[in-house]
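Asker: Return atomic coordinates for the entry below.
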Amino acid sequence: MEFLFHLFQSPGFEPCFNPESLTTEGFVHLSSADQLLRTAERWYSEAVDLKVLVLRVEPLGPSLKWEDLYGHGEEFPHLYSLIPLSSVEAVVNLTRNAQGEFVWPQSLRGLVCPLLEPLTEETALIEPSERFPDPKLPSKCLLCFFPEVLQRLESQEGSQSFHGLGSEIGATEVWTLPFRGETVAVCHPGVGGSLAAATLEELIALGCRDFFLCGGAGSLAGQALGHLVLVEQAWRDEGTSHHYFPPGPIIRLDAFFVQTARKVMDESGVSYQAGSTWTTDGLYRETPSRIARRRESGCLTVEMEIASLAAVARYRGARLGALLYCGDDVGSERWEFREWTSAVSVRERLFWLGMEVLRRRDSLRPGNQ
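Answerer: Numbers count the residues shown, from 1 in each chain. Reported below is the predicted structural model:
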């Protein structure tokens, strides 16, 4: 069964089946599940009594039309009739989280998508701590997406290789590396949110608790190749994070990692931006309208893992920070590859910046400042 949604303001729960827009514009404004929260943020940013009228699609009949009347690059559902009582499934409050952002109502989770089913505290059938019961790795871990940098770790003095992780695509090599009086684990977590999340789960079971990520990402805001972006939060346009963290548009990264990375880069004279990234698992569905919406929301980059990793870290009580460099350009009229995977010097420098951030994060823990 399909559902659409109509937003309205009312101190009570009595919906209006003949909204004002039916007279002024000729139709009733509706939203799909994907559009609901964005519509609420755009048009009802100051609302304190916002309600959602949940409508079954079938009774709406031929009066329902999908249209892009205002040139936004996206079609919205419009109902050219009164709202039929027979279509009403429910009326619920649309509330905000602690950050003031609209979130999916608990009662609607699972109504439109399995990803929105309520989370539970059940132990999973395959629990990482049962597969890896003995912590064998240091508490700090650098998640590095640069294969050519990792390959050189074998010749690094004092480095050791740890075996035991992997998937059907092969082994996941983990290195332990001495760095300025500490030992740090280093590995490539895998490309894509689900694989990276599974790797993180196993690293946590093996003893890692503080993770810093260094990787590349698509530029959304016209940044030059190699420009650094310190991630403060990630937009959750992927699936994995919803299995770990309640529905919502964003997830924030560890505040102390953000502070530490700022300090390290400021002291080093490194130019960077701090802000949001867009995590999507639809690499080939980064459409112009979707890119424009994410850019309007303040996203500086697009990648495939950070929201998933941040959700796993939150769920397991671990901590995650991330520093990206801008690679290919996906924010212009045409995609430009820019040979971004060949930016060797940037990738090498980013690796060692990440190691320094990991080393110094403890200095900004409460009580150590």
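Asker: contacting residues for D328?
Answerer: Shown in contact with D328 (CB atoms under 8 Å, 6 or more residues apart in numbering): 218-219, 335-338, 340. Glycine gets a C-beta too; all of them are placed from N, C-alpha and C.
Asker: hang on, it in a strand?
Answerer: Yes - residue state for D328 (DSSP: H, G, I helix; E, B strand; the rest coil) corresponds to a strand.
Asker: quick one: pLDDT of it?
Answerer: Listed pLDDT for D328 reads 96.
Asker: Could you do G164 as well?
Answerer: Note for G164: predicted pLDDT of 84.
Asker: got the contact list for it?
Answerer: 132, 174.
Asker: if I look at W235, how far off is L37?
Answerer: 11 Å (CB to CB, to the nearest Å).
Asker: Now do the shared contacts for those two.
Answerer: P249.
Asker: Adding distance to F3 as columns, could you present the contacts of D328 in JSON lines?
Answerer: Listed next are the contacts of D328 as JSON lines, based on distance: CB to CB, whole Å:
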{"residue": "G218", "distance to F3": "33"}
{"residue": "S219", "distance to F3": "36"}
{"residue": "W335", "distance to F3": "34"}
{"residue": "E336", "distance to F3": "39"}
{"residue": "F337", "distance to F3": "40"}
{"residue": "R338", "distance to F3": "42"}
{"residue": "W340", "distance to F3": "41"}
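Asker: pLDDT wise, what is P147 at?
Answerer: Model confidence at P147 (pLDDT) stands at 95.
Asker: May I see the buried residues of the helix ranked longest in the chain?
Answerer: Taking DSSP state H as the criterion, the chain has its longest helix at helix 344-360. For helix 344-360, burial by neighbour count (16 or more other CB atoms under 10 Å) applies to 346-347, 349-351, 353-360.
Asker: Quickly list the domain ranges of the protein.
Answerer: 3-116, 129-364 (automatic domain parsing).
Asker: I'd like to know which of the ones you listed is closest to E122.
Answerer: domain 129-364 (11.8 Å; CB to CB).
Asker: can you map out the helices along this structure?
Answerer: For the chain, the helices defined by DSSP H cover 20-24, 33-43, 128-131, 147-151, 193-205, 255-268, 288-296, 306-316, 344-360.
Asker: Okay, now the unreliable bits of this structure?
Answerer: 1, 110-113, 116, 364-369 (pLDDT under 70).
Asker: picking up where we left off before, next, format the contacts of D328 as TSV and append neighbour count and distance to L30.
Answerer: Shown next, in TSV, are the contacts of D328 (neighbours: other CB atoms under 10 Å; distance: CB to CB, whole Å):
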residue	neighbour count	distance to L30
G218	27	32
S219	26	34
W335	12	33
E336	16	37
F337	9	39
R338	17	41
W340	20	41
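Asker: and the longest helix of the chain with helix 255-268, angle?
Answerer: Counting by axes from the mean of the first three to the mean of the last three CA atoms, to 10 degrees, helix 344-360 lies at 120 degrees to helix 255-268.
Asker: contacting residues around helix 344-360?
Answerer: Residues from elsewhere that reach helix 344-360 (CB under 8 Å, 6+ apart): 140-142, 144, 146, 148-149, 177, 179-180, 182, 184, 210, 212-214, 216, 226, 228, 257, 260-261, 263-265, 268, 270, 321, 323, 325.
Asker: Can you tell me which of those end up in strands?
Answerer: Counting by DSSP state E, the part of these found in strands is 140-142, 144, 177, 179, 182, 184, 210, 212-214, 216, 228, 321, 323, 325.
Asker: Taking these, please make a PyMOL selection of just the buried ones.
Answerer: This is how PyMOL selects the buried members of the ones in strands among the contacts of helix 344-360, with burial counted by 16+ other CB under 10 Å:
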select buried, resi 140+141+142+144+177+179+184+210+212+213+214+216+228+321+323+325
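Asker: Let me see the contact set for the closest residue to P77 other than its chain neighbours.
Answerer: Closest residue to P77 apart from its sequence neighbours, by CB to CB, 6 or more residues apart in numbering: L30 at 4.1 Å. Listed by CB under 8 Å, 6+ apart, the contact set of L30 reads 4-6, 55, 64, 76-79.
Asker: Find the pair from these with maximum spatial separation.
Answerer: L55 and F76 (13.9 Å).
Asker: who's more crowded, these two?
Answerer: Legend: neighbour count by other CB atoms under 10 Å for L55 and F76, higher for L55 (26 against 19).
Asker: Tell me if I'm right that that one and S87 touch.
Answerer: Yes - if you go by CB atoms under 8 Å, L55 and S87 touch, sitting 4.5 Å apart.
Asker: Adding distance to L94 as columns, could you present the buried residues of helix 344-360 in JSON lines?
Answerer: Output for those, formatted as JSON lines (distance: CB to CB, whole Å):
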{"residue": "V346", "distance to L94": "43"}
{"residue": "R347", "distance to L94": "43"}
{"residue": "R349", "distance to L94": "45"}
{"residue": "L350", "distance to L94": "40"}
{"residue": "F351", "distance to L94": "44"}
{"residue": "L353", "distance to L94": "41"}
{"residue": "G354", "distance to L94": "39"}
{"residue": "M355", "distance to L94": "44"}
{"residue": "E356", "distance to L94": "43"}
{"residue": "V357", "distance to L94": "38"}
{"residue": "L358", "distance to L94": "40"}
{"residue": "R359", "distance to L94": "44"}
{"residue": "R360", "distance to L94": "41"}
